[in-house]
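1. Sequence below, structure please.
(one chain, ligands or ions: 2)
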Amino acid sequence: EWIDFSIYFNKIIDRFELTKSQNVIFVREIPTTPMFVEIDQDKITQVLDNIISNAMKYSPEGGRITYRMKEEDTRIIISISDEGVGIPADNVNKIFDRFYRVDRARTRRLGGTGLGLAIAKEMVQAHEGDIWAESVEGEGTTIYFSLPYDRMAEDDWS
Ligand code: ATP
Ligand code: MG
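-> Ligands and ions are numbered 1, 2, ... in the order given. Prediction:
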């Protein structure tokens, strides 16, 4: 269905903000201008849930999680940044592989199966978007994904 992504994105973040028990600070850099995209809402909700859960899981006490969204020519780019442990440079692309986990000892302690991002990748690709990561060990991680966007389709709404 067609949805205004910034309104939808804010609702997802609200849900995490209202239920979080951890001390993390949410920062939103989300434009309020309408950006309509055609998505399978259940699937993109799962993508966001997986990425945000990871950001919380790997955040330190008092860490910031920053939510951004911007418009490019033919796509919107959504990003979620944390100030957590980060991922070593040579492993950063592998995190989207099934069952891949960076540090066995650490991840055993934190739990999970290593499927969250593989599922997210599948869902984003089904929407003809991309997903990628940037990370600096000890400083934090940003996960990005894109979704096709057509500003002309937008104009038909107004
Ligand atoms: P699951 O999501 O199935 O519960 P998981 O969180 O371990 O388990 P993924 O979400 O697929 O699996 O993530 C794969 C691995 O990538 C994680 O085990 C972790 O090592 C690393 N990773 C993912 N997101 C982050 C992040 N924000 N900061 C640091 N490491 C991360
Ligand atoms: Mg996960």
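
2. ranges for the strands of this protein?
-> 2-4, 25-29, 36-38, 64-71, 75-82, 131-136, 140-148 (DSSP state E).

3. Reformat the ones you listed as CSV; add distance to ligand 1 and mean pLDDT.
-> Every residue, glycine included, has its C-beta placed from N, CA and C. CSV is the format used below for these (distance: least, Cβ to the nearest ligand atom, whole Å; pLDDT from 0 to 100):
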stretch, distance to ligand 1, mean pLDDT
strand 2-4, 24, 96
strand 25-29, 15, 98
strand 36-38, 23, 95
strand 64-71, 9, 98
strand 75-82, 5, 98
strand 131-136, 7, 98
strand 140-148, 4, 98
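
4. Can I get those strands in JSON lines including mean neighbour count?
-> Output for the strands of the chain, formatted as JSON lines (neighbours: other Cβ atoms under 10 Å):
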{"stretch": "strand 2-4", "mean neighbour count": "14"}
{"stretch": "strand 25-29", "mean neighbour count": "13"}
{"stretch": "strand 36-38", "mean neighbour count": "17"}
{"stretch": "strand 64-71", "mean neighbour count": "17"}
{"stretch": "strand 75-82", "mean neighbour count": "21"}
{"stretch": "strand 131-136", "mean neighbour count": "17"}
{"stretch": "strand 140-148", "mean neighbour count": "20"}
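
5. Save those strands as JSON lines, and put in distance to residue 51 too.
-> Converted to JSON lines, these look like this (distance: least, Cβ to Cβ, whole Å):
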{"stretch": "strand 2-4", "distance to residue 51": "18"}
{"stretch": "strand 25-29", "distance to residue 51": "14"}
{"stretch": "strand 36-38", "distance to residue 51": "17"}
{"stretch": "strand 64-71", "distance to residue 51": "10"}
{"stretch": "strand 75-82", "distance to residue 51": "5"}
{"stretch": "strand 131-136", "distance to residue 51": "9"}
{"stretch": "strand 140-148", "distance to residue 51": "5"}
